[in-house]
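Colleague: Here is a sequence together with a model predicted from it:
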Amino acid sequence: MADDGNNTVKRAMGEYRAKMRKCRMERGLTHANLALLIPASESLVGAVERGTRSPTESFTRGLEKVFGLDGELLDLLSAIRGPSPKWFRRWPAIEEAATVIRTYELALIPGLLQTADYARAIFQGEPAAIPEEVDKSVKVRLQRQAILSRPNPPATSFILDESALRREIGGREVMRAQLGYLLDMMARPCITVRIVPLSSGSTAGLIASFVIAQDGTEAAAFLENAQMGEVIHQADVLQKLTERWELLSGLAQPTYETEKIIRRVMEYVS
């Protein structure tokens, strides 16, 4: 029988603590020594290792740097935070650390801008969707959106194909609420949304959606197909995606025109 979400989280936390302790002991570090290197408080180091406190993103990145790891603890951190496919576990940590996020979406409203009802309708459309798993997936998606409400949110730029607005997900009421929420989010200084109109015809975005996240000089991309997704760090792929973004950006309408397009679609679904 499959483990429930709580068992998955507990197992991931146990692996995290064991990995942390093993790496610390191998390097002959006390809690105080490790705290200075992260940096963090000695009490936090001890609490995380004992399992009385959950690790944070910045704490985990500090451990990864001190121990010379390559994402092992970040993978576990994503599992600790909630249920998600293994191939997706590294992306929320990258997303959270990013200072700039560029998203192109062909068919759907991007996850960071989705309402709970819209997200639920998407997950319910998956083959053999289980209600309990749908609820967990919605919760994880909404938790990711917290980066847009923190004091120092990333600069987020979204380019959407107009078809993403016109695909009626969850029925007219859900779709209208989603479009209204999209307009509300566009009012935030850190968020830019632009639409590539259907009249653009064939574009550089018809193959697939993609996300590029940047933190200083570090960059990563996320690509997803019908079955799974992949985090990309290769410079040549990132360059090609950036070029594709620039082509789409040239077709995208300015924000004031984008607002008009969204309001016209809202009238259609009302």
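Modeller: That came in fine, so what should we check first?
Colleague: Before we move on, what's the pLDDT of the most centrally placed residue in the chain?
Modeller: For the chain, the residue sitting closest to the mean C-alpha position, by C-alpha atoms, centre = their mean, is Pro92 at 4.5 Å. As predicted, Pro92 sits at a pLDDT of 81.
Colleague: For it, what is the enclosing helix or strand?
Modeller: Taking DSSP states H and E as the definition, Pro92 sits inside helix 90-97.
Colleague: And that helix, what does it pack against?
Modeller: The contact analysis (3 or more C-beta pairs under 8 Å, 6 or more residues apart in numbering; DSSP states H and E) places helix 90-97 against helix 57-67, helix 72-81, strand 210-215, strand 218-224, strand 229-232. The C-beta positions use only the backbone N, C-alpha and C, and glycine is treated the same way.
Colleague: Would you single out the least confident of these?
Modeller: Among the helices and strands packed on helix 90-97, helix 72-81 scores lowest, with a mean of 80.
Colleague: Name the residues of it that come out as buried.
Modeller: Buried positions in helix 72-81, judged by neighbour count with 16 or more other C-beta atoms under 10 Å: 72-81.
Colleague: who touches the residue lying closest to Leu165 once chain neighbours are set aside in this structure?
Modeller: Excluding its sequence neighbours, the residue lying closest to Leu165 (C-beta to C-beta, 6 or more residues apart in numbering) is Val265, at 4.7 Å. Residues counted as contacts of Val265 (C-beta atoms under 8 Å, 6 or more residues apart in numbering) are 165-166, 179.
Colleague: what do you get for Gln214?
Modeller: Here Gln214 is in contact with 98-102 (C-beta under 8 Å, 6+ apart).
Colleague: any chance you could map the helices in the stretch 151-270 of the chain?
Modeller: 162-166, 172-186, 235-251, 255-269 (DSSP state H, counting those that start in this stretch).
Colleague: would you list these in CSV and tack on distance to Ala40 and mean pLDDT?
Modeller: Below are these laid out as CSV (distance: least, C-beta to C-beta, whole Å; pLDDT from 0 to 100):
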stretch, distance to Ala40, mean pLDDT
helix 162-166, 41, 96
helix 172-186, 33, 97
helix 235-251, 31, 97
helix 255-269, 40, 95
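Colleague: Please identify which of those helices is closest to Ala121.
Modeller: Judged by C-beta to C-beta, the one of the helices of the stretch 151-270 of the chain that comes nearest to Ala121 is helix 172-186, at 6.0 Å.
Colleague: Now tell me what touches that closest one from outside.
Modeller: Residues contacting helix 172-186 (C-beta under 8 Å, 6+ apart): 109, 113-115, 117-118, 121, 148, 165, 168-170, 191-193, 255, 258-259, 262-263, 265-266, 269-270.
Colleague: Any of the contacts of Gln214 buried? List them.
Modeller: The buried subset of the contacts of Gln214 - by 16+ other C-beta under 10 Å - is 98, 101-102.
Colleague: Generate a ChimeraX selection restricted to the buried entries among the contacts of helix 172-186.
Modeller: Only the buried entries of those go into this ChimeraX selection, using 16+ other C-beta under 10 Å:
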select :109,113,114,115,117,118,121,148,165,169,170,191,192,193,258,259,262,265,266,269
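Colleague: Which stretch among the helices and strands packed on helix 90-97 approaches Gln143 most closely?
Modeller: Across those, closest to Gln143 is helix 72-81 (C-beta to C-beta), at 6.8 Å.
Colleague: name the helices or strands packed onto the closest one?
Modeller: helix 5-26, helix 57-67, helix 90-97.
Colleague: Let me know the angle separating it from helix 57-67.
Modeller: 150 degrees (axes from the mean of the first three to the mean of the last three C-alpha atoms, to 10 degrees).
Colleague: Residues touching helix 72-81, excluding its own?
Modeller: With C-beta under 8 Å, 6+ apart as the criterion, helix 72-81 contacts 8-9, 12-13, 15-16, 19-20, 54-55, 57, 60-61, 63-64, 67, 84, 86, 88-93, 140, 143.
Colleague: just stretch 114-128 next, same as before
Modeller: By C-beta under 8 Å, 6+ apart, stretch 114-128 touches 108-109, 111, 129, 133-135, 137-138, 141-142, 145, 169-171, 174-175, 177-178, 181.
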